[in-house]
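Student: When you get a sec, could you give me coordinates for this:
(2 chains)
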Amino acid sequence: MDQLANKEHWDIEISAKSSLLDLKLKDTWHYRDLLFLLVRRDFVSFYKQTILGPLWFFIQPIVTILIYNLVFSNLAGIKTPGVPAPLFYLAGTILWNYFSDCLTKTSTVFKDNAAMLGKVYFPRLIMPLSIVLSNLVRFAVQFILFIVLIGIYYAKGIVLIPTTIILLFPLLIILIAALGLGLGMIISAVTTKYRDLAFVVTFAVPLLMYTTTVIYPLSTAITKYPKYSWIIKYNPVTPIIETFRYGFFGKGDFTWGLLGYSSAVTAIILFLGIIIFNKVERTFVDTV
Amino acid sequence: MTKVIKAEGLSKAYQLGDFGTGTISRDLERFWARIRGKEDPFLKIGETNDRTVKSESDIVWSIKDMNFEIEQGDAVGIIGRNGAGKSTLLKVLSRVTSPTTGSVKVKGRIASLLEVGTGFHPELTGRENIFLNGAILGMRKAEIKRKFDEIVAFAGVERYIDTPVKRYSSGMYVRLAFAVAAHLESEILIVDEVLAVGDAEFQKKCLGKMGDISKGEGRTVLFVSHNMGAVNSLCTSGIYLKNGMIEKRGDIVSVIQHYNSVNQTLSAANSSTSSKPQITQVVIDADEIINGNLKCTVFFNSPFVIDSPNVGVVIKTAFGNPVFGTNFKLHALNHTNTPVQCGQATLFVPDLPLHYGTYLLSAFLGNDQTDFDLKIDYLTFDFFPKNKLLHQYNIEDIGAVQVNADWSLLAEPFNHSN
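Tutor: Numbering: from 1, shown residues only, chains lettered A, B, ... in the order given. Purely as a prediction, here's the structure:
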């Protein structure tokens, strides 16, 4: 009897079809060590054989906001009401960078890791998750820079009063990561067979930045281009950046409605992304 | 015995050719068929995978309708020519890709070694890569920590363990990679020809380790290789794949025998006509070479009568080093100097004193004065001596000849205080 029961038990079934929602979360949990080792690998290999080491995490955003300050604030004269321009840009830049890094890296995850994914099995979800976490480490480092800059302005007498919305900060991070991850996974599914979309991503993502409020306040866009400002307003990244600024500076166009809209869009995109990714990961090796 | 792997109707189709603008319309058509719940229209036209035949269809079945069961503790050798579907089968079994139809059921953890050093990062040190590679193969951090010293000792790279692996020699790199994989604790181990790397000493170590895994620890091993000697000594049963289908399944000796009879050039025929005497066909008996004997027949034809014919055979190793030669003059025929025009000469060497290995056979036809026909390295065959244990020695290193040798050791008394 015992043997009969044993005979019917199989641990793994490999078949042509599987449920779309079978995310193998248990399997993924078993491989959590791999997730952290991959994050560590990305972090360590980033600055190996450099003299400045992890300082490079700071240099990039510092140079970026200096240029933005010169071009958009001084040259173009875009006002950042109530907030020093560099701080305003830095808030937008670190969030946008986190989003775009998650998006671009995830969208080529199959192509970039084909050698590894084609030779050994592990839950594929680990790969995009490691991208999100690696970039979170980067974001955290840049966030320290952000806090330091607030401190510098405080010492100079420019006091920015945070609002209680600052408590939404963890949610904002989850939202922006999920949005980048979800979009990236949708694109990754298409690029495994047809690479066209990968080209679009490389030039469209930097351009897309101008449809979010990284370098200008939403209020300016609405007053200047009342007809087209909905593009900016309904870009799901915009409410996240605006909420972030409102939380830390007490300035910005924050509404619960827009944040709710952004959360809903993110949830749908992430859900679609996971389903598509789950479908593609089963056979991408054959087409990538 | 309990079954640990059960495959039912396992098939995998691949699309040949380039993906581009031409394929998208077909993808849409397939997608349309699928959402209506219909059968994929393009899989119907798929053909068996014979890479040598040109065909209209660009869908091929790399493996088609495979049914087999593997029992616990089995060491199964999977053999077949290039493109027979061996690697596809391993990929499906190790869950790298999904089958097109059919299913495989598995009991226990599977670890696959389709390549050594998967996921090694050149910038990381040996130590860091052991952890990363181990985790990729499915080990937990604690498990790797426990085995860390063992892995390093097996690889023999203690001195370099904190150096980035990009500074390693390629041999060291492979040693480290194999060492990690060899210490996996899984019920089923899948290995794809990773032994074709490293020096002879390390290859021997790998084979030894694999033998321990299957024989000593009772784990199930699936092993793909073209090295029949290694397959023969490691595996208990075999699967011979041909054009994506199972051609033969059974105990390893009979499977190798079958493979050899089809895949080595054990016979070659010459159909051209000539005004001088020529060798028309040479055949090696497949049943004899797997049992330690050599039997080979040379067929010849001549436009005129040869008064004192001479037929010869030379055996070389695969690298072209001659091992021995024989002809009518060296090993006289029962009735020499029989005039012939057309006939066959058969050579039989019982208990051929050679080690396991791949050999080349050349045949020669002539008479007292002239050579009429020479067939240099005409046939290729794997020779299996009755003594199976000798696989780990390479005949190119130690020589091909097995001798009946006796060793004795006389121990001189020695002083303990030294």
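
Student: from the chain's centre, how far out does stretch A:109-127 sit?
Tutor: Taking CA atoms, centre = their mean, to the nearest Å, the mean C-alpha location of stretch A:109-127 is offset from the chain mean by 20 Å.

Student: Average pLDDT for it, rounded please.
Tutor: Mean pLDDT, taken over the full extent of stretch A:109-127, equals 86.

Student: Stretch A:46-53 too?
Tutor: Stretch A:46-53 shows a mean pLDDT of 79.

Student: residues in contact with residue B:235?
Tutor: B:75-77, B:214, B:221, B:223, B:252 (CB atoms under 8 Å, 6 or more residues apart in numbering or on different chains). In this view, the C-beta of every residue, glycine as well, is placed from N, C-alpha and C.

Student: separation between it and chain A?
Tutor: With distances taken as CB to the nearest CB, to the nearest Å, residue B:235 is found 22 Å from chain A.

Student: What sits closest to that residue if chain neighbours are left out?
Tutor: Leaving aside its chain neighbours, residue B:235 sits nearest to residue B:77 (3.6 Å; criterion: CB to CB, 6 or more residues apart in numbering or on different chains).

Student: Residue B:231 is in contact with the one you found, correct?
Tutor: Yes - between residue B:77 and residue B:231 a contact is recorded at 3.9 Å, counting by CB atoms under 8 Å.

Student: between these two, who's got more neighbours?
Tutor: When residue B:77 and residue B:231 are compared for neighbours, residue B:77 comes out ahead with 26 against 23, by other CB atoms under 10 Å in any protein chain shown.

Student: My reading is that the more buried one is in a strand; is that accurate?
Tutor: Yes - applying DSSP: H, G, I helix; E, B strand; the rest coil, one finds residue B:77 inside a strand.

Student: Now do the same contact list for it.
Tutor: With contacts taken as CB under 8 Å, 6+ apart, residue B:77 has the following neighbours: B:223-225, B:231-232, B:234-235, B:237-239, B:252, B:255-256.

Student: How is residue B:184 classified with respect to secondary structure?
Tutor: At residue B:184, secondary structure determined by three-state DSSP is coil.

Student: hmm, I was thinking of residue B:272
Tutor: Going by three-state DSSP: residue B:272 is coil.

Student: What residues are bridge-paired with the closest residue to it other than its chain neighbours?
Tutor: Ranked by CB to CB, 6+ apart and with sequence neighbours excluded, the top spatial neighbour of residue B:272 is residue B:278, at 7.8 Å. When bridges are assigned using DSSP bridges, the partners listed for residue B:278 are residue B:301.

Student: wait, isn't residue B:278 in contact with residue B:375?
Tutor: No - using CB under 8 Å, residue B:278 is not in contact with residue B:375, being 9.1 Å away.

Student: who touches both of the two?
Tutor: residue B:270.

Student: any low-confidence regions in the chain?
Tutor: Using chain A. Segments of chain A classed as low confidence (criterion: pLDDT under 70) are A:1-8, A:18-21, A:288.

Student: could you do chain B instead?
Tutor: Low-confidence segments of chain B (pLDDT under 70): B:1, B:17-23, B:37-58, B:194-200, B:261-266, B:271, B:334-337, B:388-393, B:416-418.

Student: So for it, the centremost residue is which one?
Tutor: Chain B has residue B:226 as the residue nearest its centroid, 1.3 Å off, counting by CA atoms, centre = their mean.

Student: is it true that that residue lies in a helix?
Tutor: No - secondary structure assignment places residue B:226 outside any helix; it is coil (three-state DSSP).

Student: Enumerate every residue touching it.
Tutor: For residue B:226, the residues meeting the contact criterion (CB under 8 Å, 6+ apart) are B:79, B:193.

Student: what's the answer for residue A:134, then?
Tutor: Contact analysis of residue A:134 by CB under 8 Å, 6+ apart lists A:38-39, A:42-43.

Student: Filter those down to just the ones in helices.
Tutor: Taking DSSP state H as the definition of helices, the contacts of residue A:134 contribute A:38-39, A:42-43.

Student: Who wins on neighbours among the residues you listed?
Tutor: With neighbours taken as other CB under 10 Å, the top of the ones in helices among the contacts of residue A:134 is residue A:38, carrying 24 neighbours.

Student: Give the partner strands of whatever helix or strand residue B:343 lives in in its sheet and their orientations.
Tutor: For residue B:343, the host element (DSSP states H and E) is strand B:340-349. Strand partners for strand B:340-349, identified by DSSP bridges, are recorded as strand B:294-306 (antiparallel).

Student: C-terminal to the partner strand, what's the next element?
Tutor: Using DSSP H and E, the helix or strand that directly follows strand B:294-306 along the chain is strand B:310-317.

Student: Next, the buried residues of the following helix or strand past that next one.
Tutor: Once the chain leaves strand B:310-317, the next helix or strand it forms, by DSSP H and E, is strand B:322-327. Taking 16 or more other CB atoms under 10 Å in any protein chain shown as the basis for neighbour counts, the residues of strand B:322-327 that come out buried are B:323, B:327.

Student: Which residue ranges of chain B form helices?
Tutor: For chain B, applying DSSP H gives helices covering B:21-35, B:86-93, B:126-136, B:141-155, B:170-182, B:200-211, B:228-234, B:252-263, B:286-289, B:395-398.

Student: Of all those helices, which one is nearest residue A:152?
Tutor: helix B:126-136 (36.9 Å; CB to CB).

Student: ok, longest helix in chain A?
Tutor: Across chain A, the longest stretch assigned as helix under DSSP H is helix A:126-155.

Student: Show me what the following helix or strand past it is packed up against.
Tutor: Proceeding C-terminally, helix A:126-155 gives way to helix A:169-191 as the next helix or strand, assigned by DSSP H and E. The contact analysis (3 or more CB pairs under 8 Å, 6 or more residues apart in numbering or on different chains; DSSP states H and E) places helix A:169-191 against helix A:85-107, helix A:109-112, helix A:126-155, helix A:196-208, helix A:237-249, helix A:256-280.

Student: May I see the buried residues of the third one?
Tutor: Neighbour-count burial for helix A:126-155 flags A:126-136, A:138-139, A:141-143, A:145-146, A:149-150 (criterion: 16+ other CB under 10 Å).

Student: Tell me the spacing between the residue nearest to the centre of chain B and residue B:240.
Tutor: Remark: distance between residue B:226 and residue B:240 (CB to CB, to the nearest Å) = 12 Å.

Student: which neighbours do the two share?
Tutor: Jointly contacting residue B:226 and residue B:240 under the rule CB under 8 Å, 6+ apart are residue B:79.

Student: in the helix or strand where residue A:65 lies, what's buried?
Tutor: Taking DSSP H and E as the criterion, residue A:65 maps to helix A:56-68. Along helix A:56-68, the positions that meet the burial threshold by neighbour count (16+ other CB under 10 Å) are A:57, A:61, A:64-65, A:68.

Student: Show me what that helix is packed against.
Tutor: When contacts are defined as 3+ CB pairs under 8 Å, 6+ apart, helix A:56-68 sits against helix A:85-107, helix A:126-155.

Student: Turn the helices of chain B into TSV, columns for distance to residue A:89.
Tutor: Rendered in TSV, the data for those read as follows (distance: least, CB to CB, whole Å):
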stretch	distance to residue A:89
helix B:21-35	42
helix B:86-93	49
helix B:126-136	37
helix B:141-155	41
helix B:170-182	45
helix B:200-211	57
helix B:228-234	63
helix B:252-263	68
helix B:286-289	78
helix B:395-398	68
